[in-house]
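In: Structure of the sequence below:
(one chain, ligands or ions: 2)
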Amino acid sequence: MKALDELTFDNRFARLGDAFSTHVLPEPLDEPRLVVASKAAMALLDLDPAVAETPVFAELFGGHKLWAEAEPRAMVYSGHQFGGYTPQLGDGRGLLLGEVYNEAGEHWDLHLKGAGMTPYSRMGDGRAVLRSSIREFLASEALHALGIPTSRALCVIGSSTPVWREKQERGAMVLRLAHSHIRFGHFEYFYYTKKPEQQAELTEHVLNLHYPECREQPEPYLAMFREIVERNAEMIAKWQAYGFCHGVMNTDNMSILGITFDFGPFAFLDDFDAHFICNHSDHEGRYSFSNQVPIGQWNLSALAQALTPFISVDALKEALGLYLPLYQAHYLDLMRRRLGLTTAEEDDQTLVEGLLKLMQNSGVDYTLFFRRLGDESATLAVARLRDDFVDMAGFDAWAERYKARVARDGDYTQEQRRERMHAVNPLYILRNYLAQNAIAAAEAGDYSEIRRLHEVLSKPFEEQAGMEQYAQRPPDWGKHLEISCSS
Ligand code: AMP
Ligand code: MG
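Out: Ligands and ions are numbered 1, 2, ... in the order given. Just a heads-up that it's a prediction; the model follows:
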């Protein structure tokens, strides 16, 4: 266990120099205070969880203090936003403080979001509000607990600094951890600004540090791109299987590591709705729930374009062709498991599709349906769940098919079925209204709700005593909350 001053830095990205990032110091928040910390994330840095409660913790992650070995840098990148190219973006309100490596030898970027203005702030104020910082914190840690690849969050620091959005709010900072903060947009930036040397340097950097095994391949760059395609297919399959809607899948928000990245107006589905749009500003539904699958491929094509100086167009196209089949295989595998199936049959795809269509028509709760399906034998569970469906005849037909499929699947006890299904079907999910409750309390200075919610969501598959209120459908006020982009 380490104290805060015992972190070991090795700032590999900063060493790439001024063509890639700019030195900027964090702008401190007034009266910084700990809102919430993740013990699990602290463990990634070998940090003693007790240090979160010390004043120096809030000072460090509230921008007042800095380690001598930290080298705070704002990274430059660009990206396609809602389909159109924006030539320059960059860290407008976040700083890479440095790279820390832990005792296991893993490197973690420390990225402080909400740290003030940088050369890339454009019209923004460089700040993040408490509301959005809490949402990013909860989402990162909740996705991780569900087994979905994601950046992590160490803590949220609140303050008395006024920040203007639609109304006056308070500034906050969230400390994000990831093995890298390099985005598709980094590659696009050097490609479109026609800086082949830096682009090669960036590609070498990513290959050496994050895809070293691709060096062994005959075409290392192509192998790396293929790996990125595979990781994205797997990540998006998990989003779809668990009902996660990202909301702003611009290429500057897509990580080169295939992890969920940059949380804004995201949402988990309450009722199943394939057409759900979580981003209030996404009028066309470009990033609707079901569109995430083709958009994943669109974003990979944008990255492929930026890699054309290194890889032939034919090879890139072939690698891109892997995306959909891989996505489908991962998705179907997860959905089979959510249905409690251990074998694969040709028709499983239509079994899943049939169920989703029924759920869509009846507005059935996506999370609770699967959890309850595993509570009992297939026969008892479908008999109980039937009441949630408007088209009961349609559900009965599906249920007959499902029971027959379960019977063919294998011979196991109800106890085994429950255990297996509950291990993949969460009871607790980060519903927007739950986040909203925690935010309202935190804005009033009470951090007990966010801490409790974080705790519950860190074990989403385990039923926790006294936490029934976190496993309910949203109340009327909590359905379809409008989450704006102004974070
Ligand atoms: P996002 O939609 O959060 O992914 O941000 C898109 C771009 O806008 C990034 O370059 C951000 O750094 C920048 N940005 C977002 N909010 C702010 C802000 N309040 N101040 C400065 N830059 C911002
Ligand atoms: Mg972003």
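In: quick one: contacts of stretch 38-49?
Out: 1-4, 7, 37, 51-52, 100, 102-103, 106, 108, 137, 141, 144, 152-155, 177, 454, 458 (CB atoms under 8 Å, 6 or more residues apart in numbering). All C-beta spots, glycine's among them, are computed from the backbone N, C-alpha and C.
In: Kindly provide the distance from the residue of the stretch 1-150 of the chain found nearest ligand 2 to Arg135.
Out: Nearest residue of the stretch 1-150 of the chain to ligand 2, counting by CB to the ion: Leu89, 7.4 Å away. Taking CB to CB, to the nearest Å as the measure, Leu89 falls 21 Å from Arg135.
In: swap in Gly171?
Out: Taken as CB to CB, the span from Gly171 to Arg135 is 15 Å.
In: Report how many residues lie close to the residue nearest to Gln360 when sequence neighbours are not counted.
Out: Among residues not flanking Gln360 along the chain, Phe272 sits closest, at 5.5 Å (CB to CB, 6 or more residues apart in numbering). Applying the criterion other CB atoms under 10 Å, we find 22 residues in the vicinity of Phe272.
In: follow-up on the earlier one: mark which of the contacts of stretch 38-49 are part of helices, please.
Out: Among the contacts of stretch 38-49, the ones falling in helices (DSSP state H) are 137, 141, 144, 454.
In: so how far is Ala40 from the second one?
Out: When you say that, I think you mean Glu141. Distance of Glu141 to Ala40, given as CB to CB: 7 Å.
In: Just want to know which of the two has more residues nearby.
Out: Neighbours per residue, other CB under 10 Å: of Glu141 and Ala40, the larger number sits with Glu141, 23 against 15.
In: List the contacts of the more buried one.
Out: So Glu141 contacts 38, 40-41, 152-153, 454, 457-458 (CB under 8 Å, 6+ apart).
In: can you tell me which of the residues you listed are in strands?
Out: Mapping these onto strands (DSSP state E) picks out 152-153.
In: Of the contacts of Glu141, which is the most crowded?
Out: Ala153 (29 neighbours).
In: residues in contact with that one?
Out: Contact analysis of Ala153 by CB under 8 Å, 6+ apart lists 38, 41, 136-137, 140-141, 174-177.
In: Who's the closest spatial neighbour of Leu434, skipping the chain neighbours?
Out: Nearest non-adjacent residue to Leu434, counting by CB to CB, 6+ apart: Leu453, 5.9 Å away.
In: As a markdown table, the ones in helices among the contacts of stretch 38-49 with pLDDT and distance to ligand 2 would be great.
Out: What follows is those, written out as a markdown table (pLDDT from 0 to 100; distance: CB to the ion, whole Å):
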| residue | pLDDT | distance to ligand 2 |
| --- | --- | --- |
| Phe137 | 98 | 16 |
| Glu141 | 98 | 19 |
| His144 | 98 | 19 |
| His454 | 98 | 23 |
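In: Among those residues, which one sits closest to Ala407?
Out: His144 (35.9 Å; CB to CB).
In: roughly how far apart are that closest one and Leu47?
Out: The gap separating His144 from Leu47 is 17 Å, by CB to CB.
In: One more: Phe190?
Out: Noted for Phe190: a distance of 35 Å to Leu47, by CB to CB.
In: go on, Asp282?
Out: 38 Å.
In: More neighbours: which of those two?
Out: Ranked by neighbour count (other CB under 10 Å), Asp282 and Leu47 place Leu47 first, with 23 against 18.
In: and the residue nearest to Leu434, what does it touch?
Out: Leu453 neighbours (CB under 8 Å, 6+ apart): 138, 434-435, 437-438, 470.
In: before we move on, what about Leu355?
Out: 339, 398, 402.
In: between those residues, which is nearest Val129?
Out: Leu339 (40.3 Å).
In: Just give me the neighbour total for that closest one.
Out: 22.
In: residues in contact with the residue of the stretch 1-150 of the chain closest to ligand 2?
Out: If you count contacts by CB under 8 Å, 6+ apart, then Leu89 has 77-79, 81, 120, 185, 252 around it.
In: ok, which of the residues you listed also contact ligand 2?
Out: For ligand 2, no contacts are drawn from the contacts of Leu89 by CB under 5 Å from the ion.
In: For the stretch 301-450 of the chain, which residue gets nearest to ligand 2?
Out: For the stretch 301-450 of the chain, CB to the ion, closest residue to ligand 2: Ala302, 14.9 Å.
In: ok, back up a step: most neighbours of all the contacts of Ala153, which one?
Out: Ranked by neighbour count (other CB under 10 Å), the contacts of Ala153 have Phe137 at the top, with 30 neighbours.
In: Which residues of the chain lie near ligand 2?
Out: Counting by CB under 5 Å from the ion, the residues of the chain near ligand 2 are 253, 262.
In: Mind checking what secondary structure Ser290 has?
Out: coil (DSSP: H, G, I helix; E, B strand; the rest coil).
In: can you pull the contacts of the residue in the chain that ligand 2 sits nearest to?
Out: Closest contact between the chain and ligand 2, by CB to the ion, is at Asp262 (3.9 Å). Residues near Asp262 by CB under 8 Å, 6+ apart: 248, 252-253.
In: rerun that using 10 Å as the cut-off
Out: Applying CB atoms under 10 Å, 6 or more residues apart in numbering to Asp262 gives the contacts 94, 113, 136, 151, 176, 181, 183, 246-250, 252-255, 487.
In: Same list, the residues you listed, but only the ones touching ligand 1.
Out: 248, 253 (CB under 6 Å from any ligand atom).
In: Count the neighbours of Trp298 for me.
Out: 14.
In: what mean pLDDT does the helix or strand containing it have?
Out: Taking DSSP states H and E as the definition, Trp298 sits inside helix 292-306. For helix 292-306, mean pLDDT is 98.
In: What are the buried residues along it?
Out: 292-293, 295-297, 299-300, 302-304, 306 (16 or more other CB atoms under 10 Å).
In: Among those, which one sits closest to ligand 1?
Out: Asn299 (13.5 Å; CB to the nearest ligand atom).
In: Identify the residues contacting the closest one.
Out: 79-80, 184-185, 232, 236, 249-251, 253-254.
In: what about 7 Å?
Out: Neighbour list for Asn299: 184, 249, 251, 254 [criterion: CB atoms under 7 Å, 6 or more residues apart in numbering].
In: Flag every buried residue along stretch 465-476.
Out: Neighbour counts over stretch 465-476 (16+ other CB under 10 Å) mark 467, 470-471, 474 as buried.
In: can you give me the offset of it from its chain's centre?
Out: Centroid separation between stretch 465-476 and its chain, computed with CA atoms, centre = their mean, to the nearest Å, is 23 Å.
In: now do stretch 15-22
Out: Counting by CA atoms, centre = their mean, stretch 15-22 comes out at 27 Å from the chain centroid.
In: quick one: is it near ligand 1?
Out: No - against ligand 1, stretch 15-22 shows no contacts by CB under 6 Å from any ligand atom, the least distance being 12.9 Å.
In: And that stretch, what's buried?
Out: Neighbour counts over stretch 15-22 (16+ other CB under 10 Å) mark 16, 20-22 as buried.
In: name the element the nearest residue to Arg386 once chain neighbours are set aside belongs to?
Out: Nearest residue to Arg386, sequence neighbours excluded (CB to CB, 6+ apart): Phe395, at 5.5 Å. Using DSSP H and E, Phe395 maps to helix 392-409.
In: give me the low-pLDDT residue ranges for the stretch 101-250 of the chain?
Out: For the stretch 101-250 of the chain, no stretch has pLDDT under 70.
In: Enumerate the residues of it near ligand 1.
Out: 120-121, 124-127, 248.
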